[in-house]
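> I'll drop the sequence and a predicted model, then ask my questions.
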Amino acid sequence: MPKKIFRTRAAAVAAGMALAAALASPAGSGFPDPKPDLVRVECRIVPLRLSRGEEGKVVLKIYVQDGITVNAQPPFTVEFRPSEELVFPKNFFTAADLGVEVVEEAGRERLNLKKPVEIPFTVGLKAKRDIHVLEGRIKYFVTSPKEGWCLKSSTKFSATFSTRLTVIQKGG
């Protein structure tokens, strides 16, 4: 009679689930282990205190880990969670919309994200006086030219801002 490796059926099931999880993980699949710090985003709103009808901008500083590049294609995009307080000219923005420089390196195009990305908005005329949080995410493809892999990913960001009841009249 063969010797039992596991003392209980529950132990055998747990071991099988652990093995399945290990095989399903990026490390066990032959793909790179995605690290959350490949791309990091700092976001701020300028100005920090806004009046209804006032124009401002979202400033994104994007940090890319050394040895990693952000591909120019497929498109890099910036999206914002819908907000009643801030009105953007579009639902999402591509690198081309934002004037992000595309550079060629070793025959491949990549984005130069050393300069902050600025996205204009207008404060809605019905914005409530309060402290708010703007949430968004960037979607991108990163490559490790040295290791020879590419990964589709996204990074979330947020920033707080406040709105006043005063209304900025546009001159005309």
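Happy to help now that I have it.
> next helix or strand past the lowest-mean-pLDDT helix or strand in the chain?
Using mean pLDDT, DSSP states H and E, helix 9-24 stands out as the lowest-scoring helix or strand of the chain, at a mean of 43. Remark: after helix 9-24, the chain's next helix or strand is strand 39-46, criterion DSSP states H and E.
> does the residue nearest to the spatial centre of the chain sit in a helix, a strand or a coil?
Nearest to the mean C-alpha position of the chain, counting by CA atoms, centre = their mean, stands residue 155 at 2.5 Å. Following DSSP: H, G, I helix; E, B strand; the rest coil, the label given to residue 155 is strand.
> That one and residue 143: what is the separation?
Taking CB to CB, to the nearest Å as the criterion, residue 155 is separated from residue 143 by 16 Å. Where C-beta positions appear, they are placed from N, C-alpha and C, glycine not excepted.
> Which helix or which strand is home to the closest residue to residue 89 other than its chain neighbours?
The shortest distance from residue 89 to any residue that is not its chain neighbour, by CB to CB, 6 or more residues apart in numbering, is 6.9 Å, and that residue is residue 120. Residue 120 is part of strand 117-123, with elements assigned from DSSP H and E.
> Could you spell out the sheet neighbours of the helix or strand following that strand, each with its direction?
Going down the chain from strand 117-123, the next helix or strand is strand 130-144, by DSSP H and E. For strand 130-144, the paired strands and their directions (DSSP bridges) are strand 69-70 (antiparallel), strand 77-80 (antiparallel), strand 149-167 (antiparallel).
> Can you dump the C-alpha atoms of strand 130-144 in PDB for me?
Backbone C-alpha positions of strand 130-144 (Å, rounded to 0.1, in the frame of the first residue of the first chain) are rendered in PDB as follows:
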ATOM      1  CA  ASP A 130     -15.900  71.700  -0.200                       C
ATOM      2  CA  ILE A 131     -12.700  69.700  -0.300                       C
ATOM      3  CA  HIS A 132     -12.700  67.200  -3.200                       C
ATOM      4  CA  VAL A 133     -10.500  64.400  -4.500                       C
ATOM      5  CA  LEU A 134      -9.700  64.000  -8.200                       C
ATOM      6  CA  GLU A 135      -9.000  60.400  -9.100                       C
ATOM      7  CA  GLY A 136      -7.600  59.100 -12.300                       C
ATOM      8  CA  ARG A 137      -5.200  56.600 -13.900                       C
ATOM      9  CA  ILE A 138      -2.700  56.400 -16.700                       C
ATOM     10  CA  LYS A 139      -2.700  53.300 -19.000                       C
ATOM     11  CA  TYR A 140       0.500  52.400 -20.700                       C
ATOM     12  CA  PHE A 141       2.800  49.700 -22.100                       C
ATOM     13  CA  VAL A 142       6.300  49.400 -20.500                       C
ATOM     14  CA  THR A 143       9.300  47.600 -21.900                       C
ATOM     15  CA  SER A 144      12.500  46.300 -20.400                       C
END
